[in-house]
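S.K.: next input, structure requested:
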Amino acid sequence: MTSRTLLLSNNRVAHWLEQGTGEPLVLIHGVGMQASAWYPQIDDLSREFRVISVDMPGHGTSDALDANADLQQFVQWAIEFIEALHAGPVNLAGHSMGSLIAAGVAVTRPDLVKRVAVLNGVYRRTEEAREAVLQRAAELRSGTIDVETPLRRWFNAEEAQQVAAQKVESWLQSVDLAGYATAYTAFAKGDEVYADGWHRIACPALVLTGSDDPNSTPEMARQMAQAAHAGKAVVIENERHMVNLTAPEEVNRALRAWLQTEPQAQTLKSEV
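M.R.: Modelled structure (predicted):
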C-alpha cells in the first residue's frame, strides 16, 4: 500500500492510500475515521481495481477546510480531488458522511462518476434524529468528544466486532477535534442538501446499510435506491453502522457486484 499526497487549491494537502491497478475506485470514509477505515475493502478489491482511499479534510493527514465549511464545500473538495487524479470517471464509494459527499458528487458532476456506492448513508432524517445529531455536533464544537457512546452504538460484544471496535476507538482518539467538529456539523446539516437530486443519478448506484442501523435505516436505503435511475438497495441483516468493518465479506461481495454492473450513457454535467 502506497501513501500519497497532492496539493489542492488554497495550498491544502490531500492524503490518500493507494493499492492495486485497474479501474479507479475512490473511497471516502465517515466523520472521525481515516483512509485506513476501508482496510477490508482495500485488501480485497485492490486485486482487481486501483483502490484510492482518501483522508477526508481535517482527518488523517489531509488539511482541514474552513471551520464553517458546509457539505457543499466538502463535495467541491472531493470534485477537485477526483479531477486532480487525472484518472477519468471513477467508481466512487462513501461511508456515512462520505456517502453524503459521494452522492453530492454524483448529483452535481455525473461526468466524474462511473458508478456510485452509498454505505450507511442518511436521507431526510426525522426532526428528532436531526436534533440529536446537531446536539452531538454542538458538543464537538465545544471541545467535548465522547468516544464510548458511538462505540456502543456501532458494535456489539462479539469478539470479531470488538477487534474492529478497537481500531475505530484508536482513530476517534487520534482525530483532530476541530476537523472532526467541522465535518460533523456539515454531516448533521447535510441529509437533505442533495436529497432532491437523487433522481438525476443515472449511473449504477448501490445503497447499502445494516438492518440494525437506527440512523442510516433500511428504509432510507430503499428510498435512495428507488429515486436513482439504476439504484439497488442492499440490507445486511444483524449489522449496524460500521458494516464495512463488521461484515466485510458481504460488503465486498456487494461492492464487487456493483463494480461489474455496466453503466449506462452518462448525463451531461448538472448543478444543484
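
S.K.: now do the contacts for Gln264.
M.R.: Ala202, Cys203, His229, Ala230 (CB atoms under 8 Å, 6 or more residues apart in numbering). For every residue, glycine as well, the C-beta is placed using N, CA and C.

S.K.: repeat the analysis, applying 7 Å as the threshold.
M.R.: By CB atoms under 7 Å, 6 or more residues apart in numbering, the contact set of Gln264 is Ala202, Ala230.

S.K.: with Gln260 instead?
M.R.: Residues in contact with Gln260 (CB under 7 Å, 6+ apart): none are found.

S.K.: what stretches of the stretch 1-150 of the chain score poorly on pLDDT?
M.R.: Within the stretch 1-150 of the chain, no stretch has pLDDT under 70.

S.K.: which stretches in it count as strands?
M.R.: For the stretch 1-150 of the chain, the strands defined by DSSP state E, counting those that start in this stretch cover 2-7, 13-19, 24-28, 50-54, 90-95, 113-119.

S.K.: tell me where the stretch 1-150 of the chain has helices.
M.R.: With helices called from DSSP state H, counting those that start in this stretch, the stretch 1-150 of the chain shows them at 39-45, 71-85, 97-108, 127-141, 148-154.

S.K.: include mean neighbour count and distance to Gln264 when you put those into CSV, please.
M.R.: CSV is the format used below for the helices of the stretch 1-150 of the chain (neighbours: other CB atoms under 10 Å; distance: least, CB to CB, whole Å):
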stretch, mean neighbour count, distance to Gln264
helix 39-45, 20, 23
helix 71-85, 19, 20
helix 97-108, 27, 13
helix 127-141, 15, 34
helix 148-154, 14, 35
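
S.K.: columns distance to Lys189 on top of those, output as JSON lines?
M.R.: JSON lines is the format used below for these (distance: least, CB to CB, whole Å):
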{"stretch": "helix 39-45", "distance to Lys189": "28"}
{"stretch": "helix 71-85", "distance to Lys189": "7"}
{"stretch": "helix 97-108", "distance to Lys189": "10"}
{"stretch": "helix 127-141", "distance to Lys189": "7"}
{"stretch": "helix 148-154", "distance to Lys189": "19"}
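
S.K.: among these, which comes closest to Gln173?
M.R.: helix 148-154 (10.8 Å; CB to CB).

S.K.: list the buried ones in the helix or strand just after the closest one?
M.R.: The helix or strand immediately downstream of helix 148-154 is helix 159-174, counting by DSSP states H and E. By 16 or more other CB atoms under 10 Å, the buried positions in helix 159-174 come out as Gln161, Ala164, Ala165, Val168, Glu169, Trp171, Leu172.

S.K.: nearest to Pro218, of these?
M.R.: Nearest to Pro218 among the buried residues of helix 159-174: Gln161, at 19.6 Å, using CB to CB.

S.K.: thought that closest one was touching Phe155?
M.R.: Yes - Gln161 is within contact range of Phe155, at 4.5 Å (criterion: CB atoms under 7 Å).

S.K.: quick one, what contacts the nearest residue to Val133 once chain neighbours are set aside?
M.R.: Nearest non-adjacent residue to Val133, counting by CB to CB, 6 or more residues apart in numbering: Ala188, 4.2 Å away. Going by CB under 7 Å, 6+ apart, Ala188 touches Val133, Leu134, Ala137.

S.K.: any idea how far Ala188 is from Asn238?
M.R.: Ala188 sits 27 Å away from Asn238, going by CB to CB, to the nearest Å.

S.K.: with Ser170 instead?
M.R.: From Ser170 to Asn238 the distance is 25 Å (CB to CB).

S.K.: can you check Val107 too?
M.R.: 31 Å.

S.K.: kindly report the same for Ala102.
M.R.: Applying CB to CB, the value for Ala102 to Asn238 is 25 Å.

S.K.: can you check Gly143 too?
M.R.: From Gly143 to Asn238 the distance is 36 Å (CB to CB).

S.K.: before we move on, what about Leu7?
M.R.: Taken as CB to CB, the span from Leu7 to Asn238 is 44 Å.

S.K.: cool, and Leu92?
M.R.: Computed as CB to CB, the Leu92 to Asn238 distance reads 28 Å.

S.K.: go ahead and confirm Asn120 touches Asn244.
M.R.: No - if you go by CB under 7 Å, Asn120 and Asn244 don't touch, sitting 8.0 Å apart.
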